[in-house]
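Trainee: give me a model of this one.
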Amino acid sequence: GSRATLASSLLLVLSAGAPPAAAEGERPEALVAALVTGSEGSRVRAATRLYHLDRAELGVPPLRRRLASDDPDERSLAARLLGVLRSTRAVSPLLAALSDQDWAVRRDGAEALGQIGAPRASAGLARLLGDDHPRVRIAAARALAELGDGRGAEPLARAFAGEEDPEVRLHLIDSLGRVGTPVARRILDRALGDRVESVSLVAASHLVEQGSERAAAVLAARLLTSASAAAREEVIEALGRSGGDAARPARAALSRALADREPSVHLAAAEALARLGDPRGLAHLESVARSSAPAAVRARALDLIDRVSTFD
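Mentor: Here you go, the predicted structure:
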């Protein structure tokens, strides 16, 4: 989505989908042993299997010991593996890792706590918003948003007010958007006028879903002025998620984008209009599908016609 593109994540992402098929003779004890031996990939696979087998707690003790290693790379990997396990028993050792002398260990500890989603980590993560290393501050911001209890709003707001690093500010405003509290919304409203356009756009992409007409206006202006087709598509995707009072100006901006010279852009605008319940979206797709446009463009229009039928 547009927000994911504008505020790229540094997190190690673990799929939480259906467990992979178990290997014949696979034993949790063997997986625990594999957590501390072999390549990084094999250790990640062992942690993933323990998680899917609902035996994650077995992996915490050996990894906790690895967090005390003299090797910072080993401590960093142990923190990441604890995040893969997602066991609440890992919260205490990971909180201790937030004070590690190596910045990568602090970063990976913060990311792991975000993956686990432990509310009691909020104070420790909030302290990291003032860390000397920007990557640690980014990890702490994202983890606070992932806790899901809203307690991160105040520290994130304070950090955003004092942060000077452009990339960190971008992640802070994105995290505030994901927290979604009234405090966070006030900061997002102010950020619509931020001097850094990317910060303003991320704030707008969150607020437009909450019905902000001002956010829709910010995105519409960007849609008119951007020379990048990819950037226009990102804005269109955000406008397509508009809610409440933002939907009307969003539909107006999207209808203008139907005349865009780039097929990928005007087709995206049509899809977004259909998502908002505007019949002009489907009509445009049908018109393109019947036109003399290149075959690939007509095929894309047909695919989108099938997709938008699920929006009703």
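Trainee: what's downstream of the lowest-mean-pLDDT helix or strand in the chain, the next helix or strand?
Mentor: Every helix and strand of the chain was ranked by mean pLDDT, DSSP states H and E. The lowest is helix 2-6, at a mean of 38. Downstream of helix 2-6, the first helix or strand assigned by DSSP states H and E is helix 28-34.
Trainee: which intervals of the chain have sub-threshold pLDDT?
Mentor: 1-25, 311-312 (pLDDT under 70).
Trainee: now with 90, please.
Mentor: Applying pLDDT under 90 to the chain flags residues 1-26, 37-38, 118-119, 148-151, 180, 308-312.
Trainee: for the closest residue to Thr48 other than its chain neighbours, grab phi and psi.
Mentor: Residue nearest to Thr48 in three dimensions, not counting chain neighbours: Val84, with 5.9 Å by Cβ to Cβ, 6 or more residues apart in numbering. Quick note: C-beta positions are derived from backbone N, CA and C, even for glycine. Here is the backbone geometry of Val84 (degrees, to the nearest 10): phi -60, psi -40.
Trainee: is it true that Val84 touches Arg49?
Mentor: No: the pair Val84 / Arg49 is not scored as a contact, 10.0 Å apart, by Cβ atoms under 8 Å.
Trainee: which residues in the stretch 151-300 of the chain form helices?
Mentor: Assigned by DSSP state H, counting those that start in this stretch, the stretch 151-300 of the chain shows helices spanning 153-162, 166-179, 182-191, 197-207, 213-225, 229-239, 247-257, 263-275, 279-289, 295-308.
Trainee: please read the previous query as pertaining to the stretch 1-150 of the chain.
Mentor: Under DSSP H, counting those that start in this stretch, the stretch 1-150 of the chain gives helices at 2-6, 28-34, 40-52, 60-66, 72-85, 91-97, 103-116, 122-128, 134-146.
Trainee: to Leu207, which of these lies closest?
Mentor: helix 2-6 (11.4 Å; Cβ to Cβ).
Trainee: ok, back up a step: to Leu35, which of the helices of the stretch 151-300 of the chain lies closest?
Mentor: Nearest to Leu35, of all these, is helix 166-179, at 30.0 Å by Cβ to Cβ.
Trainee: which helices and strands does that closest one pack with?
Mentor: Here helix 166-179 touches helix 2-6, helix 134-146, helix 153-162, helix 182-191, helix 197-207, going by 3 or more Cβ pairs under 8 Å, 6 or more residues apart in numbering; DSSP states H and E.
Trainee: return the most buried member of those.
Mentor: Mean neighbours per residue, mean count of other Cβ atoms under 10 Å, is largest over those for helix 134-146, with a mean of 26.
Trainee: run the chain-centre distance for that one.
Mentor: Helix 134-146 has its C-alpha centroid displaced from the chain centroid by 11 Å (Cα atoms, centre = their mean, to the nearest Å).
Trainee: and what of stretch 178-194?
Mentor: Taking mean C-alpha positions (Cα atoms, centre = their mean), stretch 178-194 and its chain are 17 Å apart.
Trainee: run through who's touching that stretch.
Mentor: The contact list for stretch 178-194 (Cβ atoms under 8 Å, 6 or more residues apart in numbering) reads 144-146, 150, 152-154, 156-157, 160, 173, 176-177, 199-200, 202-204, 206-207, 210, 212, 214-215, 218.
Trainee: who wins for proximity to Leu77 among the helices and strands packed on helix 166-179?
Mentor: Of those, the one closest to Leu77 (Cβ to Cβ) turns out to be helix 134-146, at 15.4 Å.
Trainee: now the angle from the closest one to helix 72-85?
Mentor: 10 degrees (axes from the mean of the first three to the mean of the last three Cα atoms, to 10 degrees).
Trainee: any residues touching helix 134-146, and which ones?
Mentor: 9-11, 103-104, 106-108, 110-111, 113-115, 117, 121-122, 125-126, 128-131, 151-152, 155-156, 159, 163, 165, 167-168, 171-172, 174-176, 178-179.
Trainee: next: stretch 29-48.
Mentor: 14, 20, 49-50, 53, 55-56, 58-59, 62-63, 66, 77, 80-81, 84-85.
Trainee: try it again with 10 Å
Mentor: By Cβ atoms under 10 Å, 6 or more residues apart in numbering, the list of residues contacting stretch 29-48 from outside reads 12, 14-15, 19-20, 23, 27-28, 49-50, 53, 55-56, 58-63, 65-66, 73-74, 77-78, 80-87.
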